[in-house]
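Undergrad: Could you work out the structure for the sequence below:
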Amino acid sequence: MNTTIAKKEEKAQWHVVDAADQVLGRLAVQIANVLRGRNKPIYTPNVDCGDHVIVVNAEKVRVTGKKENEKEYMFYSGFVGGEKYVKLSEFRARKPEYLIEAAVRGMLPKNKLANDIFRKLHVYAGPEHPHSAQQPKPLKFQ
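TA: As a prediction, the model looks like this:
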């Protein structure tokens with residue numbers, strides 16, 4: 001019996017996901033799995049065999065509980081006293097794409113391959129995206 005190993009040359013497909021009224025964490029898990037290729041039978045952990053994912057309506061993503069007002073993202077400049085905390089509600093107003101990007105990046109492996117995988121994620125705040133030439137297929141999650 002032979003084991004098949006995925007090759008880098010395999011063609012990646014394009015999928016579009018509507019984030020409106022989806023829970024942020026649950027959506028991020030599903031997106032990360034498609035980006036890595038875990039939904040395919042040829043999945044190999046050390047090969048980038050995932051697909052491109054376009055996320056639209058990122059500003060309408062939902063969070064549960066009190067996270068809207070209490071969850072904070074921390075940034076550190078590298079200098080003493082250089083910590084800055086930004087609430088989720090402020091990010092939703094200023095840059096809603098970051099919410100999904102940060103959640104998905106946290107669910108990817110912490111290695112060099114994750115950078116290549118993350119480049120295949122395209123997030124847009126509104127319902128429009130410029131990738132219609134790739135003919136993305138809608139991706140539905142349970």
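Undergrad: just so I have it, where are all the strands in this structure?
TA: 14-18, 52-56, 72-76, 83-87, 121-123, 137-138 (DSSP state E).
Undergrad: just how off-centre is stretch 17-33 within its chain?
TA: 8 Å (C-alpha atoms, centre = their mean, to the nearest Å).
Undergrad: Show the average pLDDT along that stretch.
TA: For stretch 17-33, mean pLDDT rounds to 96.
Undergrad: which residues touch that stretch?
TA: Applying C-beta atoms under 8 Å, 6 or more residues apart in numbering, the contact partners of stretch 17-33 are 39, 53-58, 60-64, 99-100, 103-104, 106-108, 121, 127, 138-139, 141. (Each C-beta comes from the backbone N, C-alpha and C, glycine too.)
Undergrad: Any buried residues in the longest helix along the chain, and which?
TA: Among the elements of the chain assigned as helix by DSSP state H, the one spanning the most residues is helix 24-36. Buried residues in helix 24-36, counting neighbours by 16 or more other C-beta atoms under 10 Å, are found at 24, 27-28, 30-36.
Undergrad: next one: stretch 130-142
TA: Neighbour-count burial for stretch 130-142 [16+ other C-beta under 10 Å]: 134, 136, 139.
Undergrad: do the same with stretch 53-66
TA: Taking 16+ other C-beta under 10 Å as the criterion, stretch 53-66 shows 53-61, 63 as buried.
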